[in-house]
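S.K.: need a structure here:
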Amino acid sequence: MTSDLFQLTVLGCATPHASVDNPCSGYLVSSVDTRVWVDAGSGTLAQLQRHVRLDELDAIWTSHLHADHSADLLTAYYGALFADVQLAAPIPLYGPPGIADRLAHFLTNTSTRSPVESAFAVHELHDGHQVHVGALTLTSRAVAHGIPAFAVCIEAGDRSLVYSGDTAPCPGLTQLAEGCDVLLCEAESAQAPAEGEQVHHTPEDTGDTASAARADRLIVTHVGRFLTPQQAVARASARFDGPVDYAAPGATFSIG
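M.R.: Got it, this is the predicted structure:
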């Protein structure tokens, strides 16, 4: 991997469950010799292993604890401790408050709490959390999803990728994405709810967020099942003048 390589690989982006050819949300972000698994939705661990072993990861970052973004942390726990992987140390895991106990609650089968910390070195996110992972800097912002949820800006040198996680349009995401090279933004909703709290972007919202943030490029992801990727891209493009792509499973994008 050359020193100027900063890439996003789409492991999956389906919602709310995996489809035949598309796992749930998960991405591999890599630069130089650094590899971060971003979101661990159902089915993404299998695709991750096309590129990297669990013991070759530098960190895992999880936006929120809905299963389509986090369920494969459960299988990763077993893979890290009971398979053909030899961890030199627990994998750093960055996620919402309570993530360790949430995993342990599911994994515990006896009166003894499952030792999730043997597989993961857990660090709880907060608004403005920042960490350096190898060649990458990860900055997290709280976003509007009805539960604790975060977006992340991942930087390598002067290049930046911002991932929305799941969220309604909100100032935190727009501010985080200001001037980014690539905005990877969800477009789950075919339309905004007529009443009640909005917790996702529509494609138009996705385009508006990219425009407001003055992003260089938009990649539409997490498209809901009442939209096609082509519809989502077309609707987002009507609100954003820059290039717009779809996060097709298996696709790799260079950042910057």
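
S.K.: Assign S189 to helix, strand or coil.
M.R.: coil (DSSP: H, G, I helix; E, B strand; the rest coil).

S.K.: Counting neighbours, what do you get for it?
M.R.: 21 (other CB atoms under 10 Å). Where you see a C-beta, it was placed from the backbone N, CA and C, and this is true even at glycine.

S.K.: swap in R159?
M.R.: 17.

S.K.: Quick check: C180 is in a strand.
M.R.: No: C180: not assigned to a strand; according to three-state DSSP it is coil.

S.K.: how about the CA coordinates for the helix or strand hosting G79, as PDB?
M.R.: If you go by DSSP states H and E, G79 is part of helix 72-82. The C-alpha coordinates for helix 72-82 follow below in PDB (Å, rounded to 0.1, in the frame of the first residue of the first chain):
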ATOM      1  CA  ASP A  72     -21.300  -8.500  13.500                       C
ATOM      2  CA  LEU A  73     -19.500  -7.300  16.500                       C
ATOM      3  CA  LEU A  74     -21.000 -10.400  18.100                       C
ATOM      4  CA  THR A  75     -19.500 -12.800  15.600                       C
ATOM      5  CA  ALA A  76     -16.200 -10.800  15.600                       C
ATOM      6  CA  TYR A  77     -16.000 -11.500  19.300                       C
ATOM      7  CA  TYR A  78     -16.000 -15.300  18.700                       C
ATOM      8  CA  GLY A  79     -13.700 -14.900  15.700                       C
ATOM      9  CA  ALA A  80     -11.200 -12.900  17.700                       C
ATOM     10  CA  LEU A  81     -11.100 -15.300  20.700                       C
ATOM     11  CA  PHE A  82     -12.000 -18.800  19.500                       C
END
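
S.K.: in its sheet, what does the following helix or strand past that helix sit against?
M.R.: Next helix or strand after helix 72-82 toward the C-terminus (DSSP H and E): strand 91-95. The sheet places strand 91-95 alongside strand 59-61 (parallel), strand 120-124 (parallel), with pairing taken from DSSP bridges.

S.K.: Out of these, indicate the one that is most buried.
M.R.: Burial of these is given as mean neighbour count (mean count of other CB atoms under 10 Å); strand 59-61 ranks first at a mean of 25.

S.K.: which residues are in contact with it?
M.R.: Identification of contacts with strand 59-61 by CB atoms under 8 Å, 6 or more residues apart in numbering yields 36-40, 73, 76, 91-95, 120, 131, 133, 138, 140, 152.
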